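K.L.:
Test case, fold it:
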Amino acid sequence: AYQQGVVPPTLSTVLPDGSVSSKTMRVIPDVAADGDMMTGMLVGQTVRFPDGTDRYTETRWGGTSLSTPLFVGMQALAQQAAHRVFGFANPLLYERSGTFAFDDVVDGTVPRGVVRNDYTNSHDPGTPVITRAFTVGRDGPLHATPGYDNVTGLGVPSAKYVLSYLD
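P.N.:
Predicted structure coming up:
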């Protein structure tokens, strides 16, 4: 019910085989955060290596391993600012659709890319570094469109996201 009026029927009624359902269905994602494996975030941690030793290592995190904790952190700050626990937060998210709480993300007309350096062996920072260029946002069947879409959901929490919970 909380997605009604926000998620377009072209997403909420189309089944995987392309047929149309008489019922609306739950659509994901709800929101977006930096989950791109190409940009990611450098994370340091102590891990057990294949040789059985525990050592400190640094690696790039991306995908849901990065975007989920980033968004959870924003939710914690919003709850702290509001002086209350949200519980099931999805209805609150969708109430903020189209407001200053989210920045809508759309595919650009200019191709984008990223250049990154990677160790040839991720377990050994002494190995040679290779430099690679990747294009992003131009391939695949999913596209970020104005409003709710199945790539970025409601969008990315804006700098004012936490403020949207203050009364």
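K.L.:
Tell me if L42 really is in a helix.
P.N.:
No: counting by DSSP: H, G, I helix; E, B strand; the rest coil, L42 is located in no helix; its state is strand.
K.L.:
tell me the contacts of it?
P.N.:
L42 makes contacts with 58-60, as judged by C-beta atoms under 8 Å, 6 or more residues apart in numbering. Glycine gets a C-beta too; all of them are placed from N, C-alpha and C.
K.L.:
Quick one: the strands in this protein, in order.
P.N.:
Assigned strands in the chain, in chain order: 41-48, 54-61, 102-103, 112-119, 129-136, 156-157 (criterion: DSSP state E).
K.L.:
The third one - contacts with which helices or strands?
P.N.:
For strand 102-103, the helices and strands in contact under the criterion 3 or more C-beta pairs under 8 Å, 6 or more residues apart in numbering; DSSP states H and E are strand 156-157.
K.L.:
circling back to that earlier point, list just the one of the strands of the chain that sits closest to A76.
P.N.:
The closest of the strands of the chain to A76 is strand 156-157. By C-beta to C-beta, the value is 12.3 Å.
K.L.:
what comes into contact with the closest one?
P.N.:
Contacts for strand 156-157 (C-beta under 8 Å, 6+ apart): 31-33, 71, 74, 101-103, 105.
K.L.:
can these go into JSON lines with extra columns for pLDDT, distance to M25 and neighbour count?
P.N.:
Converted to JSON lines, these look like this (pLDDT from 0 to 100; distance: C-beta to C-beta, whole Å; neighbours: other C-beta atoms under 10 Å):
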{"residue": "V31", "pLDDT": "95", "distance to M25": "18", "neighbour count": "22"}
{"residue": "A32", "pLDDT": "92", "distance to M25": "20", "neighbour count": "21"}
{"residue": "A33", "pLDDT": "90", "distance to M25": "24", "neighbour count": "20"}
{"residue": "F71", "pLDDT": "94", "distance to M25": "23", "neighbour count": "22"}
{"residue": "M74", "pLDDT": "95", "distance to M25": "27", "neighbour count": "15"}
{"residue": "A101", "pLDDT": "97", "distance to M25": "25", "neighbour count": "22"}
{"residue": "F102", "pLDDT": "97", "distance to M25": "22", "neighbour count": "23"}
{"residue": "D103", "pLDDT": "96", "distance to M25": "26", "neighbour count": "15"}
{"residue": "V105", "pLDDT": "88", "distance to M25": "23", "neighbour count": "18"}
